[in-house]
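S.K.: Structure here, sequence nowhere to be found:
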Ligand SMILES: Nc1ncnc2c1ncn2[C@@H]1O[C@H](COP(=O)(O)OP(=O)(O)OP(=O)(O)O)[C@@H](O)[C@H]1O
């Protein structure tokens, strides 16, 4: 077995020694230097698997080194050691491309976690965003437009970092899919990805949902319950619709992120956390902060890196590819031959505005594929607002009907998705939907969805 090589940069001999001893016990080989220039020299002719640098060095700061490595050694993970409580410099280092940080005094548990993540990274060099494999990947983000290629490239970079990412984009534009990709392409891939819809959990249950509780800690707590943070241990937690978090939860969340630990309700001790936090919203959080509805300190912690998912109307050229993919998926699902769009129908799809983005395209095609008997979908079958066939009005689209239908379809999709994400487990799906298991059963019955 080859020993992994770690470069330590710190000007305090005591800390250098402590780190060398600790990493040595982890069967790692170390080299330690005290200045930026020595580090740069060593990096030129020695292979390293990880670099651990202090922030304040005699001839520069840790950020200079992070910048240098992004250019000259982009595949080498670098982590910074920050002074106790200096959140700003940690955030700045993450923004510059450091994959993680530890704060002084260095906690050995955190250090070990960081090192093992880093070593996974250095074993798997970044992939090429444009590969065929990725385009054919059913879980990946489809799209050839420059906007999507840029997004895919950024995702691969962010997957290698542990920095919190705030994903901003219109409803249905693919924010959750982006978050899944960040998780799936990074070193946490073998661990859970837990999406939480912050708008769907009743405020009074939120603390227990997030942090868990101990049996008997409040009326109704009849058994110990693991919270969502613990469910995501080792993996990634997506705080979806994060702008909906009530202020009292924002405080608790900030604390959990800062301390990297949680305390279940009624528990005597904190539990250390190893969870990467991603968040998403269709609302602009900066605006929410200005309006006093979102805490600035939490915003600052979540929004270390901001990633915008383009609206579908900004990448119209991707619509044919997406449409074909969706129709093929439906055909697979229904076990029928795939339906095709006429070129006029493709044109019409490309000209549509999509306030509901990719999800709207999916719904629209599902409706068209369901209602069209033939294997070819024509413009009229799409029932786009400006292409409605006025000579043959559809009796089912009386003024009140479309909204009810639309809502029902949304509900159906949300529930189906939740069940799929929960691996078919209705209790888990109900929890993610903010419903009781009984409420979910009732809805499944009403929508005619059978669940086995
Ligand atoms: N680039 C893409 N390629 C393939 N499918 C996509 C892409 N973007 C989005 N989708 C699909 O569109 C649907 C909506 O995406 P997703 O749920 O990620 O959006 P969202 O922005 O999180 O929505 P919301 O704002 O409602 O939470 C999903 O079924 C997703 O798989």
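M.R.: That came in fine, so what should we check first? Note that the structure is a prediction, hence the values are computed from the model and not measured.
S.K.: domain ranges for this protein?
M.R.: Here the domain assignment for the chain is 4-123, 137-308, 312-394, 405-446, based on automatic domain parsing.
S.K.: export these to CSV and tack on distance to the ligand, mean pLDDT and mean neighbour count?
M.R.: C-betas here are computed from N, CA, C, even on glycine. Supplementary listing: the domains of the chain in CSV, determined by distance: least, CB to the nearest ligand atom, whole Å; pLDDT from 0 to 100; neighbours: other CB atoms under 10 Å:
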stretch, distance to the ligand, mean pLDDT, mean neighbour count
domain 4-123, 23, 89, 18
domain 137-308, 3, 92, 18
domain 312-394, 3, 88, 16
domain 405-446, 7, 79, 15
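S.K.: which outside residues touch stretch 431-440?
M.R.: 195-197, 200-202, 209, 414-415, 418, 421-422, 426-427, 429-430, 443 (CB atoms under 8 Å, 6 or more residues apart in numbering).
S.K.: Mind doing that once more with 7 Å?
M.R.: With CB atoms under 7 Å, 6 or more residues apart in numbering as the contact definition, stretch 431-440 has outside contacts at 196-197, 200-202, 415, 418, 421-422, 426-427, 429-430.
S.K.: For the residues you listed, work out which two are farthest apart.
M.R.: Greatest spatial distance in the contacts of stretch 431-440: 202 and 421, 20.2 Å, computed using CB to CB.
S.K.: Tell me if residue 199 really is in a strand.
M.R.: No: membership of residue 199 in a strand is not supported by DSSP: H, G, I helix; E, B strand; the rest coil, which gives coil.
S.K.: dump the residue contacts of the closest residue to residue 61 other than its chain neighbours.
M.R.: Spatially, and ignoring its direct neighbours in sequence, residue 61 is nearest to residue 55 (5.7 Å; CB to CB, 6 or more residues apart in numbering). By CB under 7 Å, 6+ apart, residue 55 lies in contact with 61, 62, 80, 81, 82, 83, 89.
S.K.: mind listing which of these are in helices?
M.R.: Those of the contacts of residue 55 mapping onto helices are 62, 89, per DSSP state H.
S.K.: could you pull out the helices for the stretch 1-150 of the chain?
M.R.: For the stretch 1-150 of the chain, the helices defined by DSSP state H, counting those that start in this stretch occupy 13-25, 36-45, 62-72, 87-96, 108-123, 132-136, 146-159.
S.K.: In TSV: these, plus distance to residue 271.
M.R.: Converted to TSV, the helices of the stretch 1-150 of the chain look like this (distance: least, CB to CB, whole Å):
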stretch	distance to residue 271
helix 13-25	23
helix 36-45	36
helix 62-72	30
helix 87-96	22
helix 108-123	11
helix 132-136	36
helix 146-159	26
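S.K.: quick one: the helices in the stretch 351-452 of the chain?
M.R.: 357-371, 379-382, 401-421, 426-433, 437-446.
S.K.: The last one: how far from the chain's middle?
M.R.: Using CA atoms, centre = their mean, to the nearest Å, we find the averaged C-alpha position of helix 437-446 to lie 28 Å away from the chain's own average C-alpha position.
S.K.: Quick one: end-to-end distance for stretch 426-446.
M.R.: Stretch 426-446 has an end-to-end distance of 16 Å (criterion: CA to CA, to the nearest Å).
S.K.: Use 305 as the first number for this chain going forward.
M.R.: Let's use 305 as the start, then, which means that last one is stretch 730-750.
S.K.: For the residue most central in space within the chain, give me its contacts.
M.R.: Geometric centre of the chain, nearest residue: residue 483, 2.4 Å, by CA atoms, centre = their mean. Residues in contact with residue 483 (CB under 7 Å, 6+ apart) are 471, 542, 582, 584.
S.K.: Would it be right to say that the first one lies in a strand?
M.R.: Read that as residue 471. Yes: checked against three-state DSSP, residue 471 lies within a strand.
S.K.: nearest spatial neighbour of it, skipping sequence neighbours?
M.R.: Using CB to CB, 6+ apart, the nearest residue to residue 471 is residue 584, at 4.1 Å.
S.K.: Let me know the secondary structure of the one you found.
M.R.: strand.
S.K.: who's in contact with it?
M.R.: By CB under 7 Å, 6+ apart, the neighbours of residue 584 are 471, 479, 480, 483, 542, 544, 546.
S.K.: Please apply the same query to residue 412.
M.R.: By CB under 7 Å, 6+ apart, the contact set of residue 412 is residue 326.
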